[in-house]
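S.K.: Take a look and give me a structure for this.
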Amino acid sequence: MENQINTVSGLFDKGKLFLKSVFIFIMALGLFIPTQFTRELVRERKERQMEAINDISGKWGSSQVLTGPILKVPYQENTRDERGVPLIVKRTAYFMPDKLDIKAEIDPEVRKRGIYEVVVYRSKIRATGNFKEIRWKELGVPAENILWADAQVVFHVSDVLRGVNEDLFLNWAGKKIPFGPQAQLGELKDALSAPVTLTADSLNEPLEFDMQFNLNGSGSLLVSAGGRENSIDMRSGWTSPKFTGVKLPDERKVSDSGFTANWKHMNRTVPLVWKDKTYDLSPSALGTELIVSVDGYDKTERSIKYALLCIVLTFAAFFLIESIYKKPLHLVQYALAGLALVLFYTLLLSLSEYLGFNLAYGIAAFSTIGLVTWFVGGVMKSGRLGLFIAMVLAVVYSYIFTIIQMQDFALLMGSVGLFLALAVIMYFSRKIQW
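M.R.: Sure, this is the predicted structure:
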C-alpha cells in the first residue's frame, strides 16, 4: 500500500513538473505580446523623427536633384486638322549636350528639432559642358521650319523655390544670360530657362556653356545624367556619406575630414536628340545622401524580434536551476522576472534616443540583469545561483547584441547560437525525471 502511495506521489510530482514547464512556456509566449507593443512604439517614434526631418527640409530645402542644362528649340510643323484645313503647329525639339561636367562642394550642417537631428547643406554648384554640334538634321524637320531665334537652355532643380535664393546665370558664347521660369508641361515643367542665340553658322561649331550657383538642400544631392558623357564630382566635410543612384562612384575617398567622390557615366538610355516629348532622366540620377548615423530605432526593433528567444532561454535557465538544485520558483516569480525582461526594451528605446544604441543597450542590459539577479537570488536564498543567473543573462544579452551588430551574419550566428543553447539545455536536463 505504501509503495503504491509512493508510486502515485512520484507520478504526481513528475506530472506537476511537466505541467509547470508547459505553463512556463505559455507564459513566455504571453510575455512576448507586450514586446510587440514596444515595437509599435518604435515605429511611432520613427514617424515622429520623419516628421521632424520633413518639417526642417520643407522650410530649408528638400533633397535636390539637378537635371540639365538641355537645349530646347521650337519648330513649326505643317499639318491638317480633321477637316483637312492646313495648319501650322509649333512643337519642341531637345538637344542633350555632348559633355556635361558638374562639380559640387557641399557644406553640411546639423539642425536639431527636439531630440532629432537633420542634415541640411549649402552647396556651390558649377556646371560646364559643350554641344559639339547641333544635330538638327536628325529631327527630320526642314531647316526653314526650325525657330533658332527662340532657342532656350533649360535647367531643372527639384526644389528651386527654397533651394535657390539668388539669380542664376548662364554663360553662353561670352554672354551672361539670366535664367527665368518657364511654363511648360512635362517632366521639365518647373525648369528654369535662358534664351540663347543660335545662328546657322554656329550650329556646326562647338557651343560651350558655364553656370555657377549656390544651392540649399537637405538629405541628399543627386544629378541626373543630362549629357552624353557625364562627369560628376562631389566633395564635402561630411564623414558618413551614402552613395546612391544608378551607379556607385568610380573613385571615392572617405576620411575623418569628409569625402570626395567622382562618377563617370555615359548616357545610353536617352537619345541625344528628340522631339515632341520630354524624357524622364531621373532613373539615371546619382549622387550622395548625407545621413545621420541614427540607427537606434532599427536596432531596437531588431532586438525586439529576439525577445521571445531571450525570455525562453532565461526561463529555461530558471527551470533547470530550480529542478536540479531543488530551489522552487513560483509561477508569479517567473512572471515578475519576465516583466523585467519585457521592460528592458522600453528602457532601451528611451535611452537610445539620448545616448545612442550601444551605450543604451549596455545600461538597459546591466540594469535588467542586476534586477533579475537580485530578485531570483533573493528568492532562492543563494548568491551563487544568483551569480549563475547573472552569467546566463549576460551571455544571452551579449549574444543578441552580437547578432544585431552583425546583420549580414545574423542567420548564421543565430543558428549556431540556438544549437549551442539547445545542447546546453539538453546536457543539464539529462538528470531531470520528467
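
S.K.: Please make it C-alpha for all contacts and neighbour counts, starting now.
M.R.: Noted.

S.K.: pLDDT below threshold where in the protein?
M.R.: 1-15, 182-189, 292-295, 407-408, 410, 431-434 (pLDDT under 70).

S.K.: show me where it has helices.
M.R.: 2-60, 160-163, 296-305, 307-324, 331-355, 357-380, 383-405, 410-428 (DSSP state H).

S.K.: Is it correct that residue 340 is in contact with residue 372?
M.R.: Yes. Using C-alpha atoms under 8 Å, residue 340 is in contact with residue 372, at 7.0 Å.

S.K.: who has more neighbours, the two?
M.R.: The residue with more neighbours, out of residue 340 and residue 372, is residue 372; 21 against 16, by other C-alpha atoms under 10 Å.

S.K.: list the contacts for the more buried one?
M.R.: Contact analysis of residue 372 by C-alpha atoms under 8 Å, 6 or more residues apart in numbering lists 337, 340, 390.

S.K.: Closest one to residue 423 out of those, please.
M.R.: residue 390 (19.8 Å; C-alpha to C-alpha).

S.K.: Can you tell me the number of residues neighbouring the closest one?
M.R.: 22.

S.K.: Minimum distance to residue 112: which of the helices of the chain has it?
M.R.: helix 2-60 (8.6 Å).

S.K.: Now do the closest one and helix 307-324, the angle between them.
M.R.: 160 degrees (axes from the mean of the first three to the mean of the last three C-alpha atoms, to 10 degrees).

S.K.: and helix 2-60 with helix 331-355, angle?
M.R.: Going by the same axes, to 10 degrees, helix 2-60 makes 20 degrees with helix 331-355.

S.K.: name the helices or strands packed onto helix 2-60?
M.R.: In terms of contacts (3 or more C-alpha pairs under 8 Å, 6 or more residues apart in numbering; DSSP states H and E), helix 2-60 is packed against strand 116-131, helix 160-163, strand 207-218, helix 296-305, helix 307-324, helix 331-355.

S.K.: how about the ones you listed in a markdown table, adding distance to residue 280?
M.R.: Formatted as a markdown table, the helices and strands packed on helix 2-60 follow (distance: least, C-alpha to C-alpha, whole Å):
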| stretch | distance to residue 280 |
| --- | --- |
| strand 116-131 | 20 |
| helix 160-163 | 18 |
| strand 207-218 | 22 |
| helix 296-305 | 33 |
| helix 307-324 | 46 |
| helix 331-355 | 40 |
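
S.K.: closest one to residue 429 among these?
M.R.: With C-alpha to C-alpha as the criterion, residue 429 lies closest to helix 307-324 of those, at 6.7 Å.

S.K.: can you give me how far the closest one is from the chain middle?
M.R.: 37 Å (C-alpha atoms, centre = their mean, to the nearest Å).

S.K.: mind listing what's buried in it?
M.R.: Buried positions in helix 307-324, judged by neighbour count with 16 or more other C-alpha atoms under 10 Å: 307-321, 323.

S.K.: Equivalent analysis for stretch 46-63, please.
M.R.: Quick answer for stretch 46-63 (16+ other C-alpha under 10 Å): 46, 49, 52, 53, 54, 56, 57, 60, 61, 62, 63.
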